[in-house]
Structures are given as C-alpha cells and as structure tokens.
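Peer 1: the sequence and its predicted three-dimensional model are supplied below.
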Protein chains: 2
Amino acid sequence: MKSLEEKTIKTEPIFSGRIIRLQVDEVELPNGNTSTREIVKHPGAVAVIPITSDNKIVMVEQYRKPMEKVLVEIPAGKLEKGEEPAYTAVRELEEETGYESQSLEWLISFYTSPGFADEIVHLYVAKGLVKKENAASLDEDEFVNVLEVTLEEAIEFVREQRVYDAKTAYAIQYLQLQEALKK
Amino acid sequence: MKSLEEKTIKTEPIFSGRIIRLQVDEVELPNGNTSTREIVKHPGAVAVIPITSDNKIVMVEQYRKPMEKVLVEIPAGKLEKGEEPAYTAVRELEEETGYESQSLEWLISFYTSPGFADEIVHLYVAKGLVKKENAASLDEDEFVNVLEVTLEEAIEFVREQRVYDAKTAYAIQYLQLQEALKK
C-alpha cells in the first residue's frame, strides 16, 4: 500500500469567527510535490434521535441560511468548549424540544465533510422522554418549530426533501433498519 | 407555525479559494433582531456505492488533511463547473477505482453540514462494474488505495472508525437495510 500522508509545510490562518475558523495549509504530497488544502475548523456537534413512548420521532424545523431553506432535522447543536458530547446532547435536546431523556445511548460519530472540514457529529438515541417544566431555552439567534412524526412521515419528508441533511437521513435510515431487523 | 426565514442585510466576502468560498452574512432574525452567519460555499459533490458482480463494495483509502487521518470512504468527488452530477459520478468512479458502471442509479442527495456550509452530496449506486483499460487517472494532488470489501468487512471498518464519514456510514447502512429487507 502507498503511504498517503500529507505533511504540513505551512499553515496560513485566514479567518476566525464565532463558530468556524478557516486556514490554508501548504502540504507536501506523498510524491514529494506540494499543494494547498483549504480547511475549515469546527468545534464539533451532537445530534439526537429522540423517540417518544408512542414511537414518534421528535424533529425540529429550522431555517438554514447557507441553503436559504427551511429544513426538518433531528435536534442538534455545537459542542461548547470543554463540554462532553453526551452532556451537549442532553442540553440541546432540552433547549430545542423541551424533552428530558431517561435513556441516552451513543450510536455513531462521523465527520460530515472530510474533504474540507473537521466537523464531527456524535449521534445519540434518546428514549424515555419526559417533558420538562421550565426547560432551558434556545440561543437568542435560534428559532425552531418542533414536530413529532411517525417513521412513515419522516420517510416521506426525505422523499419531499424537507429532510435534506446527512445526519437526519442517516437517523431515519437507522430507524428503518431497526424496523426491518425486528421482522 | 412561526415564520423562520432570515433576511440577508449584508454579505461580506472573506475568502475565495480553489475549492471553497467563505462569507459572513448579517441577517435579520424572525424576531427582528440581527445576527451573523458564517457560510462556506462549496460546488457540491457526488459519491458512489460501487458493487461488484461478486457483491463486494469498492472503497478508497485516502488521507484527509482536515482530520490528519487516513479514512476509508466510498469513491467521491467535487462537481466541476456546469457538470451534471451523474456525469461526475461516472468520472470519479473511473478516476478513483478504474471501474466503469453499466448501471448507475441515483439514491439520495443530502447537505452535509447545513449549519455552516451549502455542500450537497449526490449519492449513486453503481452496479455492472467493468474494469476499464486506460482509465482516466486521478487529479495530480490525489492519492488513494483501492479496497474491495464485503459488507461485513465494511461494517467492521465503521466499528474501527476507519470508515468515519457521514456519506460512507450512510452507504453502508443502506446496504445493511437492503440485506435486512431481502430476508
């Protein structure tokens, strides 16, 4: 097997924002040539598949400025500095949906855009949901509508491209797989 | 339902690179307040699930600078300007694996990081694979090892986090679901 590593020759910081940073790395390729890599640094995120006692999926409808579209997604949010992903999952579920979970299980973690960004999403399944009184509220620049839908409705959302992002598509396919394995 | 749209007040271009662009938009929120959105613009990409006649998945091992890790992924690549996604899929499959497909079907498209980027991935399933003589070669800054693995091996790669990105995790789960539905 060929060695594939790219060594960093130089890192040029371009931008440091509220959420992401951008840098351009000059790299030495495996064949000795050089190239550049445009890299977005992201703090990482969690996403939660919340399942109610009557087997509905709790989803949030949200405006996504990069696409200028309203998308239906599973609840998700960025890791605060030093925060354990499982803690972020509990916090974001409460902020976005008002639910507390009595059973939170890690399912998988994945990088979302490995070609240009280091964002990782840690995905959890939350069951034993209880509506919390005085639930923590959303960040002041966050606005969502909460939906509780059946798996069939969620699959229809995928078909209609109202669900249109990788983590939510993965989550719905996961629930389809669990259904199929039960039979 | 609340209206969720965010109106653009001002767009500040920050960076325009070989692959991505970065801008910061000032937006008017649904409640009339203002905020900023850091937005990465990306040309979009395709990914292909190539299945051989003996039911193996063709995967590529590749160094991903943002994570500084070697990952195993399904073949994928960026859309060239004006290129139809199905054409990109054929081209990338040939460049990365040397295979031509006699049956390419669109499966799903999804945004990878809807919070900060507009990257979309169009996912295809390729069957009827034939090794092409004089196959087109990789971009000059691309280096990959090609692997042909069973579904069980691919699932093991997910467990070991050698497969560690959303599109490939989705692809493997898709094949698991097809297996489960067959039974």
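Peer 2: Yes, it's here. Computed from a predicted model, the values in this text were never measured in an experiment.
Peer 1: residue A:109 bridge partners, please.
Peer 2: residue A:122 (DSSP bridges).
Peer 1: where do the strands sit along chain A?
Peer 2: A:7-16, A:21-28, A:34-41, A:45-50, A:57-64, A:69-73, A:76-78, A:99-111, A:120-131, A:144-149 (DSSP state E).
Peer 1: give me the buried stretch members for stretch A:107-125, please.
Peer 2: Residues of stretch A:107-125 classed as buried: A:108-125 (neighbour count, 16 or more other CB atoms under 10 Å in any protein chain shown). C-beta here means a position set from N, CA and C on the backbone, and glycine is covered the same way.
Peer 1: shaky segments in chain A?
Peer 2: A:1-2 (pLDDT under 70).
Peer 1: longest helix in it, by residue count?
Peer 2: The residue-count maximum for a helix in chain A (DSSP state H) belongs to helix A:166-182.
Peer 1: that helix near chain B at all?
Peer 2: Yes: Helix A:166-182 lies within reach of chain B by CB under 8 Å from any CB of the partner chain, at A:166, A:167, A:169, A:170, A:173, A:174, A:176, A:177, A:180, A:181.
Peer 1: give me the buried subset of the residues you listed.
Peer 2: A:166, A:167, A:169, A:170, A:173, A:174, A:176, A:177, A:180.
Peer 1: one step back: ranking the strands of chain A by burial, who's on top?
Peer 2: strand A:45-50 (a mean of 25; mean count of other CB atoms under 10 Å in any protein chain shown).
Peer 1: so what's the residue lying closest to residue A:17 once chain neighbours are set aside up against?
Peer 2: Residue nearest to residue A:17 in three dimensions, not counting chain neighbours: residue B:38, with 4.5 Å by CB to CB, 6 or more residues apart in numbering or on different chains. Counting by CB atoms under 8 Å, 6 or more residues apart in numbering or on different chains, residue B:38 makes contact with A:17, A:18, A:19, A:20, B:22, B:24, B:116.
Peer 1: of those, closest to residue A:31?
Peer 2: Checking the contacts of residue B:38 against residue A:31 by CB to CB gives residue B:22 as the nearest, at 29.4 Å.
Peer 1: ok, and the closest non-adjacent residue to residue A:91?
Peer 2: residue A:136 (6.9 Å).
Peer 1: near that neighbour, how many other residues are there?
Peer 2: 12 (other CB atoms under 10 Å in any protein chain shown).
Peer 1: what's the residue of chain A most remote from its centre sitting at in phi/psi?
Peer 2: Most distant from the centre of chain A: residue A:32, at 36.2 Å, with distances by CA atoms, centre = their mean. Dihedral pair for residue A:32: phi 90, psi -20, per degrees, to the nearest 10.
Peer 1: and it, how far from residue B:141?
Peer 2: Shown here: residue A:32 relative to residue B:141, a distance of 12 Å by CB to CB, to the nearest Å.
Peer 1: follow-up on the earlier one: dump the residues of helix A:166-182 next to chain B to CSV, plus distance to residue B:93.
Peer 2: Formatted as CSV, the residues of helix A:166-182 next to chain B follow (distance: CB to CB, whole Å):
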residue, distance to residue B:93
A:166, 20
A:167, 25
A:169, 22
A:170, 22
A:173, 22
A:174, 27
A:176, 26
A:177, 26
A:180, 28
A:181, 30
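Peer 1: before we move on, back to that, TSV please, covering the strands of chain A and showing distance to residue B:89.
Peer 2: Formatted as TSV, these follow (distance: least, CB to CB, whole Å):
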stretch	distance to residue B:89
strand A:7-16	31
strand A:21-28	27
strand A:34-41	23
strand A:45-50	27
strand A:57-64	25
strand A:69-73	24
strand A:76-78	28
strand A:99-111	21
strand A:120-131	25
strand A:144-149	31
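Peer 1: follow-up on the earlier one: list the contacts for the residue nearest to residue A:91?
Peer 2: Contacts of residue A:136 by CB under 8 Å, 6+ apart are A:91, A:94, A:95.
Peer 1: burial count for the second one?
Peer 2: Residue neighbour count, defined by other CB under 10 Å, stands at 17 for residue A:94.
Peer 1: cool, the first one as well?
Peer 2: Other residues within reach of residue A:91, judged by other CB under 10 Å, total 16.
Peer 1: quick check, it in contact with residue A:78.
Peer 2: No: using CB atoms under 8 Å, residue A:91 makes no contact with residue A:78, being 10.6 Å away.
Peer 1: show me the domain layout of chain A.
Peer 2: A:7-41, A:45-182 (automatic domain parsing).
Peer 1: endpoints of the first one, how far apart?
Peer 2: When you say that, I think you mean domain A:7-41. 18 Å (CA to CA, to the nearest Å).
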